[in-house]
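K.L.:
sequence unknown, structure follows:
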């Protein structure tokens with residue numbers, strides 16, 4: 001299985017898509033996750049919880065760090081704040 005590190009500005013979905021292409025995967029996410037899970041268990045000896053955990057483990061990164069650098073979670077943490085009434089604040 002070919003594993004590449006994500007590009008500096010690449011989102012996790014794009015990175016996963018690139019891994020699919022490199023490894024000749026043409027099917028849906030369920031089969032991709034099964035492939036990642038198997039590769040991760042063979043390489044690291046542990047079974048990942050999610051595709052994010054699997055990809056992060058295979059590239060030698062922490063899953064939290066991977067998501068902070070390659071997703072919109074930091075933006076949503078900033079933009080999705082709530083006021084006292086539970087309403088979303090406009091960023």
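P.N.:
Right, received. Where do you want to start? Computed from a predicted model, the values in this text were never measured in an experiment.

K.L.:
switch to C-alpha atoms for all contacts and neighbour counts from now on
P.N.:
OK.

K.L.:
what segments of this structure are helices?
P.N.:
12-22, 29-44, 51-58, 63-70, 73-79 (DSSP state H).

K.L.:
looking at the ones you listed, which is nearest to residue 6?
P.N.:
helix 12-22 (5.7 Å; C-alpha to C-alpha).

K.L.:
same list, the helices of the chain, but as a markdown table with distance to residue 3 please.
P.N.:
Listed next are the helices of the chain as a markdown table, based on distance: least, C-alpha to C-alpha, whole Å:
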| stretch | distance to residue 3 |
| --- | --- |
| helix 12-22 | 7 |
| helix 29-44 | 10 |
| helix 51-58 | 7 |
| helix 63-70 | 15 |
| helix 73-79 | 24 |
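
K.L.:
deepest-packed of those helices, please.
P.N.:
By mean neighbour count, with neighbours taken as mean count of other C-alpha atoms under 10 Å, helix 51-58 ranks first of the helices of the chain at a mean of 22.

K.L.:
that one packs against which elements?
P.N.:
Where contact means 3 or more C-alpha pairs under 8 Å, 6 or more residues apart in numbering; DSSP states H and E, helix 51-58 is packed against helix 29-44, helix 63-70.

K.L.:
mean pLDDT lowest for which of these?
P.N.:
Of all the helices and strands packed on helix 51-58, the minimum mean pLDDT falls on helix 29-44 (a mean of 76).
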